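Engineer: Curious how this folds, go ahead:
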Amino acid sequence: MEDKIEIADEFIRKALATGKKYCFLIYKVGPNTNYSKEEVDKMQWEHLRYMFRLHAEGKLLLNGPVTDSPELNAIGIFNSTDKDEVKRWMDEDPNVKSGRRTYELYTYFGIPGDGLL
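Structural biologist: Alright, predicted model coming up:
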């Protein structure tokens, strides 16, 4: 039988008190998909360069592709609560500029220190 880990109320209260809001991105397939493989490869590489730059600057905390959806392309969490600011960043993404991708932004509440294992 598996032992259950007990989480005390005080632990939850302390964790929630450290939480903060972020911008959550849902990246979707855009209206312009009629590009050659070479064009797509080039835009994708520049998109990756741009996203890695946002991450290196501390603006983008988590980002990655959704691998099992024909409509959703990726998700991201930005170190900002200002949707207008994040919109300015995303509007400069080569995939967004080309119309290959669109995005939606939402407010997300997270606990600092949460991460992938």
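Engineer: List the beta-bridge partners for the spatially most central residue of the chain.
Structural biologist: For the chain, residue 76 is the residue whose C-alpha lies nearest the centre (CA atoms, centre = their mean; 0.4 Å). Using DSSP bridges, the bridge partners assigned to residue 76 are residue 25, residue 63.
Engineer: so how far is residue 86 from it?
Structural biologist: 9 Å (CB to CB, to the nearest Å). C-beta coordinates here come from the backbone N, C-alpha and C atoms, glycine included.
Engineer: For this structure, which segments count as strands?
Structural biologist: 20-29, 60-65, 72-78, 101-110 (DSSP state E).
Engineer: Counting neighbours, which bits of the third one end up buried?
Structural biologist: So that's strand 72-78. Buried residues in strand 72-78, defined by neighbour count with 16 or more other CB atoms under 10 Å: 73-78.
Engineer: what's the answer for the shortest one, then?
Structural biologist: Residues of strand 60-65 classed as buried under the neighbour-count rule (16+ other CB under 10 Å) are 60-63.
Engineer: longest helix of the protein?
Structural biologist: Assignment by DSSP state H gives helix 37-56 as the longest helix of the chain.
Engineer: got a pLDDT number for residue 3?
Structural biologist: Predicted confidence (pLDDT) at residue 3: the value is 86.
Engineer: quick one on the thing from earlier: just the closest of the buried residues of strand 72-78 to residue 14, please.
Structural biologist: For the buried residues of strand 72-78, the minimum distance to residue 14 (CB to CB) is 21.8 Å, reached by residue 77.
Engineer: my guess is that closest one meets residue 106, correct?
Structural biologist: No: applying CB atoms under 8 Å as the test, residue 77 and residue 106 come out as separate, 10.1 Å apart.
Engineer: who touches both of those two?
Structural biologist: Contact with both residue 77 and residue 106 is made by residues 23-24, according to CB atoms under 8 Å, 6 or more residues apart in numbering.
Engineer: Can you tell me the number of residues neighbouring the residue nearest to residue 43 when sequence neighbours are not counted?
Structural biologist: With sequence-adjacent residues excluded and distances taken as CB to CB, 6 or more residues apart in numbering, residue 43 is closest to residue 94, at 5.1 Å. Residue 94 is flanked by 18 other residues according to other CB atoms under 10 Å.
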